[in-house]
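Asker: The following block contains a protein sequence and its predicted model.
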Amino acid sequence: MAERRLALQRPPGSITELREIPLKLELRGITKRFGDLVANDHIDITVEPGEVHALLGENGAGKSTLMNQLYGLLQPDEGQIVVNGEPLVFKSPRDAISAGIGMVHQHFMLVPVFTVAENIALGAEETRGGPLGWLDRRRSRRDVIDTSKKYGLPVDPDALIEDLPVGAQQRVEIVKALTREVDLLILDEPTAVLTPQETEELLTVMRSLTDMGKSIVFITHKLKEVKAIADRITVVRRGKIVGTASPDTSEDELAALMVGRAVSLEVQKGPAEPGDPILKIDGLVVDDDRGVRAVDGVDLEARAGEVLGIAGVQGNGQTELVEAVMGLRAARAGAVRLDGADLVGLSTKKILGSGVGYVPEDRSHDGVVKEFSVAENLILDMYDRAPFGNPIRIDGSKVGSNATERIEQFDIRCQSPATPVGTLSGGNQQKVVVAREMSRPLRLFIASQPTRGVDVGSIEFIHNRIIHERDQGTAVLVVSSELDEVVGLADRIAVMYRGRILAIVSPDTPREEIGLLMAGITGATAEGEK
Amino acid sequence: MTAETQTPAVKKPEPAGDDSFMNVFLRNLWSANNVLLTALSVVLAVVIGAVLIVVSDAEVLAKFGYFTARPSDALSSSWELISTAYSELLMGAFGDPAVFQAWFAGTATWQQAFTPLSETLTYAAPLVFTGLSVALAFRGGLFNIGAQGQAVLGCIVAGVAGFSFGLPIVLNLAVALVAGVIGGALWGFIPGLLKARTGAHEVITTIMLNYTSALFLSWLVIQKGVQAEGRSDAISKTVAESAQLPSPGGVLRVHLGIILAVLVTAGVAWLLKRSAFGFEIRAVGANPHAARTAGISVARTYVLLMAVAGGLAGLGGATQVLGTAHALTPAVAGNIGFDGLLVALLGRNRPWSTFFAALLFGALRAGGNRIQSFAGISLELVTVLQALIVIFIAAPALVKAIFRLRAARSTGLGASLAKG
Amino acid sequence: ACGEAPAETPAASGSTAAEAAYKACMVTDLGGIDDKSFNASAWAGLQAAQKEVSNVDPKYVASSSEADYEPGLRSYVSQSCNFILAVGGLMGEVTTKVAKESSSSQFAIVDSNSGNSNIYPMQFATHQAAFLAGYLAAGYSKSGKVGTYGGLKIAPVTIFMDGFADGVAHYNTVKGKKVEVLGWNKASQNGTFAESFIDQNKGKSVTETLVSQGADVIMPVAGGTGLGTAQVAKDSAGKVSVIWVDQDGCTSAAQYCDVFLSTVVKNIEEAVKEAVVKGAKGETLAAAPGYVGDLSNEGVSLAEFHSFDSKVDAGLKTELETLKADVISGKVKVESASAPK
Amino acid sequence: MSTATVEDLTEVAAPEPFWSRPRKLGTALILLGVVAAGVFGSLAPGEDARFTLSENAEGAALSIHGPFGAVLFGVLTVIAGGVMVAGLLKRRSNLLLVLGILTFVLSFLCWQVAGHFMPLVDTTEGTLQLALPLILGALAGVLGERSGVVNVAIEGQFLMGAFAGALVGTMATSVWAGLISAAVGGVLIAGILAVLSIRYLVDQTVVGMVLNLFALGITGFLYERLMQPDAQTYNQPPQLPEWRIPGLADIPVVGPVLFEANLLVWLALGLVLAIHFGLTRTRWGLRTRAVGEHPTAADTVGIRVRGLRYLNVLLGGVVAGIGGAYFTLVATGSFTKNMTAGAGFIALAALIFGRFTPFGAFGAALFFGFAQKLAFFLSAIESPLPSQFLNMLPYLATLVAVAGLVGRVRGPAASGQPYIKS
Ligand SMILES: Nc1ncnc2c1ncn2[C@@H]1O[C@H](COP(=O)(O)OP(=O)(O)OP(=O)(O)O)[C@@H](O)[C@H]1O
Ligand SMILES: Nc1ncnc2c1ncn2[C@@H]1O[C@H](COP(=O)(O)OP(=O)(O)OP(=O)(O)O)[C@@H](O)[C@H]1O
Ligand SMILES: [Mg+2]
Ligand SMILES: [Mg+2]
């Protein structure tokens, strides 16, 4: 049965020869050290053909490190990789690829200035023969279109990667792996930037792949997905395997296993006590980098003591909206008022200084300076202000004591305040940003994708801090493409679509309805509040 | 609120001082044996230099022609040649023991004994400034090839101020120095502004400004009012005595510039490490996007940074004119800007390392003069030696590999092969 | 490596020669020893002196920047050189300073005169020879246009160009012709400069521009850059000829001898040689009046025509001889703002 | 899937801000045009400006009354600017810009050349001649840079190439042997650059700068030891012959420049095309660019990052080495110390000016060459400007062009960063 479908579904110009033998993978005693840190400590894992093997673990548990070794990007210090009973050494991804392994990386491995088709072709280019290796772009494009049709993952072969929203980039990564006809596919947090629908589609693709006898290693922080797709679950903590579980295990149990303590997956919050409006946006119009209208006349109001969630599929103008509020992007028209004072035209520094906290959506690009220490990152936008310094000089001891305090308060896991932030795990980098932005009295707190790629323990923590901030009377604006997150945190939800606010609904609205709004389909119910 | 109930943060080892990422990185790179490494780098350069010296000497080379017949000839003469060359280099940079003895015996003056050191410091002083200029810009993510042009402008403005105003002592010097800083700052400000406003790449603009300033200087020195009276060649009036950097005089050319260099290095170190502007520079240099998001104006930082860097290079030019040259000529700035580039690179863009790199370059220049004049070894060879020393010091991994100190690259691969 | 070892020589024989060694030491200007200009000439002078008086021991140190002048001079003082030569007017101040402090050493300088008693100045009325060259060029030119350009706009360069322009002007007055000079305007003291003494490619390009404007005799005053001019002349297969400067082109750039119409010789070599020889023989070198090379003492001259000997017509040759005599006698005045004062 | 992608969003057309780039540039052109028509027109002597189609005063010529030409072209500049400001011909705004600048330059020339003549063949030839080493050097830079290795050692490669070409060319009395050894000389420097920066992870700028110093020292030293004492045997290389393609060489202006030329001219032009198409159309190019933009991504699809970088840097060495050969085997017939005189740095600037592309670098080099040739030309026809200021022309023109027209240049993202695998 599986064989037949395999033959049927084989795309017309598949790149790699089809392997008849299913792939069984064993990792034996894999150990990897970075200096004193043991990222992987004698890890044993077996992946059977045709199964989805989920890897769970906190940020920094060592999941990506393990997979990078399996893919030849890193070399293990100890241990063996055994494929179909044969121990193999992967010196580079080339070796892994030829062994039939493919990987979708947590951080996109896409060349931003290339088109989708170029990225997908890279490394396995179609050429018109000859010694020059003249590229056959037509065939490359067709391959992309074929694969994308076959798996229902729409991608435009001619779009430049840098112009694509992250969700689309993620699809490109997946298509790239699929065109290569691999036997074992590693998916490292592929769903972190996908919408619920997209995630659903991906799970379907994964099922069809396993039906073909291929195996999948699946890494995610979303327990629902694990339960929905995994055949087996391995949980890693601090580099060691701390247990295996079956898909029947409850989410709470899984979470506890990952983090080592009980985690509440629901946001714990009392009812909001909204006060006066603090942020008022009127008729805001903003263009994106290419001069295309991204925000097209948005009116919004955020009140003290409430969380206003902005739901929407990534790329519908949320980014530009927030950047315009923060003075990082010029507003073409409209007004943004904070406590009645206009923010349009003010510098980011002034805006931050007037009591606004901001967690940008792309933390490694915009949130932290990786070369800077944790302590320095904790004052990145307050370095020239009391108590840390003045426009001339920075008080080192204040910076140090602040760091110690925040590290304690926000449970940032790092070796010391002097550790460069770049060596922290993503979740902890995020906590650094959140800690910094919450460590001064705020009128307005804006958080974009506050928990993207963050483990459940940290999510719980960050959510609690956001609610805490709300309860102190700050107006909070949470932008997230994660519907669960918006629904859990917000007191009111604005759904954004193509640069406009389609509706403002209450979090009790049925999810399907909000989902439809996010897709641009307005029903009769939603208009009420507007 | 949940913080208290959570597992305590990972054990926090003692903070290792307020080290930057660079420091941590370097420490790892150099591991425990960095003194050894530096020494070995110099040894390597010296050995290769020795080979060149021998190869380039026809007489000694001829003796290798009958090496099998009488190896002692070739070996002893090579040894003699090499040891003279290097001892001259050292004596030219640090001091001649014979002269010290003579001084103790009363047949030479202390000035004579300290001449070599004075020379080293004289050459080093402007390089400290231009080196700092390049280093500072680098820390902010800008490649300032323009230190040369900025130094030239510093020379011009300081020089003109030095012979024009006739202010009283101290004040005249101060004004001339400040003028030099302003001249350089202006020449740095232009590419900074262009970068911030139009995005023009600083490498192109500064290269172009280098040539422009050199041409401007060669035009200026032969203009009436600037050209020295009664002279037909390209030399300006002499800087007033009161505007010259004080110096012991006589054989000792060293001047106040080197003290200034120490102070300015300390200032730049403070600026980078403790000041708000330094924080901005480093943040913009490491991640301009994050800096912008945190409210730092990247454009303003670029403009100010280039102006400050230009000012530093200008100060280098000013010390050259007010300290050693005392008059403007078309080539008065020599090569201090380009040498400053190497100095900064060698000092890995950290202020005090740059300072010491400048001292090393000064020593090589001073020693190079002596090796040329006493041992008759060509200036070109000294240049090659300089290049070799910089290469080896900048490439510790190479030195390690040559001496098989420790696998130069990650051992991961070898280990996995051995065990897998 | 299998050669025969020479017989061991007794160590004594070397030291007798060294006893009376007359150390003639020179500090070059920035162009270095191979600048195809005054450094090269001065060095040639030292070597020539050694040929004449065997105990002369010549050496040099090259300056890579102006800051090297002083240590260069001083290190020769401390090596007790008998004759310390500074090459180039820009070394004037420094030489005076060092000479004052080391009153027992004998210094000499090219292209400068400080009046210090222990500095022997050597200066050259180069414009006189260049004047003849201008006359020659004007007379030889078929196109009625001649050209010149400089390396940098500095006095030792423009003095050649001044003389050249005057020579052409003189030819025009005498003959009632209208030969034009391209690349230098004596009145406005402005003209064409390559801004380099080494960049042959620029020299080539500048020359091609002058040639395209019609010049067929060109005098580059630009050291190595001038080789580019010689190359253009060589490629032109006889249409363009070159007047070289400083040292006779047929010795200093022998591969291009075919294209050199003549050379404006600034005989630094001879002057230096004579000074050293005098010094080595124990004669005193009087600082005043020092040495001023002009047409009368062959300190500057127009070199032989070499391969052009047959092409320059006899009439022009005689006129040049007469003109030379007239300049020497003062009948014809040649002036330049850059001339030694 | 029902997600909205960017393609959908592009339907929303945005009104541009009024002061768009073309409008700003157009305004600048109008100002320039007014200056040209007014100032140049009134300063121009009332004589004809002749542009001869030969390399000297002879032959056919385009001739125009100086003041008239200056005003005419100035007005044309104003018109080009006006069209841009009016927002007409939006698609062609680059063409308009080029036209505007061209007419401005022509107006300037009418002023300067009035009463004189400008030989166009000589101007074009000189432009190409001055640009030729810059083209080759910048192409070498393109090769390295696009694969992620910054090459600031172009100057060193030039010098080594020039030296090796002269030395071997003389000793073998073969210009071809000289050319090959020049390439080898360039590769030598490139090899050190590659090994130190790719394998030993030394900062690429540091290595490059030091290699410039090293090449200067070593060639200067060997020159002193070998060439200077005995030029006959070591420093008189044969010259690259000039070939004439009958027929094509008779095309006015372009013919004598392009089709009566030496091999290096054709090689340079060929390389511009070859590298352009190589980079954009071949597997090698795609991989090279990937390695320069995102080496880890390239690695994950099985590309040998370091191998490709080695290859490209060494190829760059070949090209720059040949660029060096230009100095000794084409421009002149001998090597002298430091004879490249900073051309490598100008090539570096041309590379960035040309946005790291072969055509861009080519254009930038020509631009520079033209400005320099123009400066020589103006000084030869007795322009009243002091020679030092005329000689600033190429540098200032580049500065203005880069600031005003080119703007932000984005280099390959991974350029300058070593690829470290742990
Ligand atoms: N190249 C490296 N150098 C030093 N430390 C590293 C390196 N790569 C990973 N680490 C460390 O190893 C640990 C494991 O990292 P890894 O990326 O595998 O975590 P992860 O489980 O994938 O986390 P996440 O869920 O955030 O993706 C972390 O503590 C990280 O800091
Ligand atoms: N050069 C390095 N030195 C030290 N640690 C590094 C270095 N490069 C990466 N790391 C570590 O490797 C880990 C893996 O990197 P990665 O970028 O995948 O982070 P992550 O924790 O998975 O991030 P995220 O939470 O955003 O998914 C990070 O935790 C980071 O600390
Ligand atoms: Mg990970
Ligand atoms: Mg992660």
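Answerer: Structure's in. What do you need? Everything numeric in this text was worked out from a predicted model, so none of it was measured. Ligands and ions are numbered 1, 2, ... in the order given.
Asker: pLDDT score assigned to C:C2?
Answerer: pLDDT, C:C2: 50.
Asker: mind checking how far the residue lying closest to D:S197 once chain neighbours are set aside is from chain B?
Answerer: Closest residue to D:S197 apart from its sequence neighbours, by Cβ to Cβ, 6 or more residues apart in numbering or on different chains: D:Q204 at 4.4 Å. C-beta coordinates here come from the backbone N, C-alpha and C atoms, glycine included. Applying Cβ to the nearest Cβ, to the nearest Å, the value for D:Q204 to chain B is 11 Å.
Asker: now swap in D:T219 and tell me
Answerer: 8 Å.
Asker: cool, D:L134 as well?
Answerer: 12 Å.
Asker: just to confirm, which helix or strand has the residue nearest to A:G367 when sequence neighbours are not counted in it?
Answerer: Distances taken as Cβ to Cβ, 6+ apart place A:V433 nearest to A:G367, at 4.3 Å, with adjacent residues excluded. Secondary structure from DSSP states H and E places A:V433 in helix A:426-438.
Asker: Does that helix reach ligand 3?
Answerer: No. Shown here: helix A:426-438 not in contact with ligand 3 (Cβ under 5 Å from the ion), separated by at least 7.1 Å.
Asker: For that helix, name the packing helices and strands.
Answerer: Packed against helix A:426-438 by the contact rule (3 or more Cβ pairs under 8 Å, 6 or more residues apart in numbering or on different chains; DSSP states H and E) you find strand A:356-359, helix A:374-377, helix A:396-409, strand A:444-448, helix A:456-471.
Asker: Now tell me which helix or strand of chain A has the poorest mean pLDDT.
Answerer: The weakest-scoring helix or strand in chain A, judged by mean pLDDT, DSSP states H and E, is helix A:2-9 (a mean of 33).
Asker: Moving C-terminal from it, which element do we reach first?
Answerer: Counting by DSSP H and E, what follows helix A:2-9 is strand A:25-34.
Asker: That following strand pairs with which strands?
Answerer: Strand pairing for strand A:25-34, using DSSP bridges, gives strand A:37-47 (antiparallel), strand A:78-83 (antiparallel).
Asker: Could you export these as a markdown table, including mean neighbour count and mean pLDDT?
Answerer: Below are the strands paired with strand A:25-34 laid out as a markdown table (neighbours: other Cβ atoms under 10 Å in any protein chain shown; pLDDT from 0 to 100):
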| stretch | mean neighbour count | mean pLDDT |
| --- | --- | --- |
| strand A:37-47 | 19 | 93 |
| strand A:78-83 | 19 | 94 |
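Asker: Dump those to JSON lines, plus distance to D:R309.
Answerer: Output for these, formatted as JSON lines (distance: least, Cβ to Cβ, whole Å):
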{"stretch": "strand A:37-47", "distance to D:R309": "28"}
{"stretch": "strand A:78-83", "distance to D:R309": "28"}
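Asker: who wins for proximity to A:N68 among those?
Answerer: Closest of those to A:N68 is strand A:37-47, at 9.7 Å (criterion: Cβ to Cβ).
Asker: Say whether ligand 1 is contacted by the closest one.
Answerer: Yes. Using Cβ under 6 Å from any ligand atom, strand A:37-47 comes into contact with ligand 1 via A:37, A:39.
Asker: hmm, that strand in reach of ligand 3?
Answerer: No. Strand A:37-47 lies out of reach of ligand 3 by Cβ under 5 Å from the ion, never closer than 10.5 Å.
Asker: what's the offset of that strand from the middle of its chain?
Answerer: From the chain centre to the centre of strand A:37-47 is a distance of 24 Å (Cα atoms, centre = their mean, to the nearest Å).
Asker: Kindly report the same for stretch A:41-52.
Answerer: Relative to the chain's own centre, stretch A:41-52 is displaced by 24 Å; criterion: Cα atoms, centre = their mean.
Asker: Do any residues in the helix holding A:V433 lie close to ligand 4?
Answerer: Yes. Against ligand 4, helix A:426-438 shows contacts by Cβ under 5 Å from the ion at A:G426.
Asker: So which bits of that helix are buried?
Answerer: The neighbour-count criterion (16 or more other Cβ atoms under 10 Å in any protein chain shown) identifies A:426-438 as the buried residues of helix A:426-438.
Asker: Can you check what angle separates it from strand A:444-448?
Answerer: For helix A:426-438 against strand A:444-448, the angle between stretch directions is 160 degrees (axes from the mean of the first three to the mean of the last three Cα atoms, to 10 degrees).
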